[in-house]
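Peer 1: Here you go, sequence then predicted model.
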Amino acid sequence: RGRRRSWTVRQDGGSATVRMDVVDATTETLPLTWENVETVLDEVRPYLISDGGNVSIADIDGASVKLTLEGACGTCPSSVMTMRMGIERKLKERIPEIESVEEMIPQGPEINEENIEKVLEEVRPFLRIAGGTLNLVSINGLETPQPTIRLRMTGAGAAIQSVVMEIQQRLKRNFPKLSQVFFDRDTD
């Protein structure tokens, strides 16, 4: 037996739908323990993972549960709604002792040219073997909650989507606040 919950979030004129299909294996309430919070999170993880994200427990302090949204969920504009309408609601339904659920946002290093170049230096040797280059073009939106960077990539590696995805993921792992990585590609 399952029930579908769907919320539409409007932000800056756009919209995104946050949907979690919640299957109630049991309606039993649970005491507040690390293991029980993990059990409830395991119920929502498949939906987060299907969108490229995940969630982990950062801390439990009294009746307050602190979570970290990971991967795509950590940088998604709808992450607040995912946390409040999906995860928090499910946790409080199953574990009534919980008074608050808070998102812990990992800080990571400052997003600046020097730090980005350090990460890019890790992948440049592989691109050079294929006759390619990778350069930082710009850093945008540092004063906003969703900073972005633009890179220019040349050579055969620029045409391989898995190479592009690896660079994006590496940058987002190193800079959790980074929202998007854009590429200008030249495969000649």
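Peer 2: Arrived safely, thanks for sending. This is a predicted model, so every value here is computed, not measured.
Peer 1: Ser56 belongs to a helix, doesn't it?
Peer 2: No. Looking at Ser56 with DSSP: H, G, I helix; E, B strand; the rest coil, it is strand, so not inside a helix.
Peer 1: these two touch, right, it and Val65?
Peer 2: No. Using CB atoms under 8 Å, Ser56 is not in contact with Val65, being 11.3 Å away. Using the backbone N, CA and C atoms, a C-beta is placed for each residue, glycine as well.
Peer 1: the more surrounded of those two?
Peer 2: Per other CB atoms under 10 Å, whichever of Ser56 and Val65 has more neighbours is Val65, with 26 against 12.
Peer 1: Helix, strand or coil: sort out that one for me.
Peer 2: Under three-state DSSP, Val65 falls in the strand class.
Peer 1: residues touching the closest residue to it other than its chain neighbours, list them.
Peer 2: In space, and not counting its chain neighbours, Val65 is closest to Val101: 5.0 Å by CB to CB, 6 or more residues apart in numbering. Residues near Val101 by CB atoms under 8 Å, 6 or more residues apart in numbering: 64-67, 83, 87-88, 91-92.
Peer 1: For Val101, give me the pLDDT.
Peer 2: pLDDT, Val101: 92.
Peer 1: So it: helix, strand or coil?
Peer 2: Quick answer, by three-state DSSP: Val101 is strand.
Peer 1: now it: how far from Ile49?
Peer 2: Note on Val101: its distance to Ile49, by CB to CB, to the nearest Å, is 19 Å.
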